[in-house]
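Novice: A structural model of the following input is requested.
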Amino acid sequence: MTQNLTVVDHPLVQHKLTLMREKDTPTAVFRQLLHEISTLLAYEATKDLATEPRNIETPVAPTEAPVLAGKKLCLVSILRAGNGILEGMLDLVPLARVGHIGLYRDPTTLNAVEYYYKMPDDLGARQVIVVDPMLATGNTAVAAVNRLKDGGARNLKFVCLLTVPEGIATFHDAHPDVPIFTAGVDERLNDHGYIVPGIGDAGDRMFGTK
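Specialist: Residues are numbered from 1 along each chain as shown. So this is what the prediction gives:
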């Protein structure tokens, strides 16, 4: 579909995603599955991190081994549902800085409305990974990346659980330089802007709200 899209089709990811899709999956199980998938997505999204050699001593002998180079990651959660992916990724990279951006989708226009923004310093010197379970219409993701670029971010990626062709097209029309990492590309959007077949409202299913 596009060179700047990575679908993580590992069997464990796909199995866990299927369990999340089921409407009767309990909230606690849904949240745990999202946590587990997020850690697996993080492996793929961070595979190109730069490293540099360091001289160390093992219990057996001195050696030279790689460590991460330069500034650490910045993970940016699009509130509220993005926190479900954020927590799983932090298991893998616990020293990452964390930013939050509060956006909600206007139910009439489907446009993104910002209500909160808090980021670490030096975004331009960090690899920034934006996380949100759904890339549906693409409007919220575009607004988030717009805001981050205005704040100095230059090296960005977007990680989501599910997306659709419409959302990918909208996002990459606005930000062709930002790669998307996802566990699945579903069929389409319905008239209410929800992914079909999808998983429903990720935030509601994570937190047991309606």
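Novice: For the rest of this, base every contact and every neighbour count on C-alpha atoms.
Specialist: Will do.
Novice: Test my guess that Lys16 contacts Leu33.
Specialist: Yes. Contact between Lys16 and Leu33 holds when scored by Cα atoms under 8 Å: they sit 6.1 Å apart.
Novice: Looking at the two, which is more packed in?
Specialist: Leu33 (20 against 17; other Cα atoms under 10 Å).
Novice: Mind listing residues that contact the helix or strand harbouring the more buried one?
Specialist: With elements delineated by DSSP states H and E, Leu33 resides in helix 27-45, which encompasses its position. Applying Cα atoms under 8 Å, 6 or more residues apart in numbering, the external contacts of helix 27-45 come out as 8, 13, 16-17, 19-20, 84-92, 157, 159, 161, 181-183, 205-208.
Novice: hmm, try it at 6 Å
Specialist: Outside helix 27-45, the residues that touch it by Cα atoms under 6 Å, 6 or more residues apart in numbering are Val13, Met20, Ile85, Gly88, Met89, Arg205, Met206, Gly208.
Novice: And stretch 69-80, by the same measure?
Specialist: Taking Cα under 6 Å, 6+ apart as the rule, stretch 69-80 contacts 50-52, 83, 96-102, 126-132.
Novice: quick one: the helix holding Leu33 to chain centroid distance?
Specialist: Distance, stretch centre to chain centre, for helix 27-45: 11 Å (Cα atoms, centre = their mean, to the nearest Å).
Novice: ok, now stretch 155-163?
Specialist: Centroid displacement of stretch 155-163 relative to its chain, using Cα atoms, centre = their mean, is 4 Å.
Novice: rounded to a whole number, what's the mean pLDDT of it?
Specialist: When the per-residue pLDDT values of stretch 155-163 are averaged, the result is 96.
Novice: rewinding a little: what subset of the contacts of stretch 69-80 is buried?
Specialist: Applying 16 or more other Cα atoms under 10 Å to the contacts of stretch 69-80, the neighbour count classes 83, 96-102, 126-132 as buried.
Novice: from those, which ones fall inside helices?
Specialist: Judged by DSSP state H, helices contain the following of these: Asn83.
Novice: Nothing else from me, thank you.
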